[in-house]
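Student: what's the 3D shape of this:
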Amino acid sequence: MAQKIDRQGYGVALGLILPLIGVYVYYLVAPFHITFHTFLIEVGEMKLTSKVLSLGVLANLIGFLIVYGLKWDRFARGIILATLIYAAIILVFRFLV
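Tutor: So this is what the prediction gives:
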């Protein structure tokens, strides 16, 4: 069963989803008294997208440590690949937008 789960594609998928969940958790933990939709709009208007995404990508660290501890190396490699994709997106937001 573990061999079936240990796929790089699953790691990429999880690595692309976890930062979005991380941003939502940041919204829930921080004392914002606005809706999530308004929060996203405000982040974009204040040019903080790269900073908020960077915080969200920290969720990939947790996912990576879990799957690496389970010895699912291909899965962990997929999470790293997704993190590199997010790094490119963050650089675009930081310097070009």
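Student: in the helix or strand hosting residue 64, what's buried?
Tutor: Residue 64 is located in helix 49-69, with elements delineated by DSSP states H and E. Residues of helix 49-69 classed as buried by neighbour count (16 or more other CB atoms under 10 Å): 49-50, 52-54, 56-57, 59-60, 63-64, 67. (C-beta placed from N, C-alpha, C; glycine too.)
Student: same thing with stretch 17-29?
Tutor: Result for stretch 17-29 [16+ other CB under 10 Å]: buried residues 18-19, 22-23, 26-27.
Student: how about the most centrally placed residue in the chain, what does it touch?
Tutor: The residue lying closest to the centre of the chain (CA atoms, centre = their mean) is residue 19, at 1.8 Å. Applying CB atoms under 8 Å, 6 or more residues apart in numbering, we find residue 19 in contact with 53, 56-57, 59-60, 86.
Student: Name the residues that touch the helix or strand bottoming out on mean pLDDT in the chain?
Tutor: In the chain, the helix or strand scored least confidently by mean pLDDT, DSSP states H and E is helix 2-5, which has a mean of 73. Under the criterion CB under 8 Å, 6+ apart, residues 70, 72, 75 lie in contact with helix 2-5.
Student: As a check, name the ranges of all helices in this protein.
Tutor: 2-5, 8-29, 36-45, 49-69, 73-95 (DSSP state H).
Student: pLDDT (mean, whole number) over the second one?
Tutor: Put plainly, it is helix 8-29. Here helix 8-29 scores 95 as its mean pLDDT.
Student: got the angle for it vs helix 36-45?
Tutor: Orientation check (axes from the mean of the first three to the mean of the last three CA atoms, to 10 degrees): helix 8-29 against helix 36-45 gives 100 degrees.
Student: picking up where we left off before, and the buried residues of helix 49-69, which two are furthest apart?
Tutor: The largest separation in the buried residues of helix 49-69, counting by CB to CB, is between 49 and 67 at 27.4 Å.
Student: For the least confident helix or strand of the chain, list the C-alpha coordinates in CSV.
Tutor: Listed next in CSV are the C-alpha coordinates belonging to helix 2-5 (Å, rounded to 0.1, in the frame of the first residue of the first chain):
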residue,chain,number,x,y,z
ALA,A,2,2.8,2.4,0.9
GLN,A,3,4.4,1.9,-2.6
LYS,A,4,1.1,3.0,-4.2
ILE,A,5,1.0,6.2,-2.2
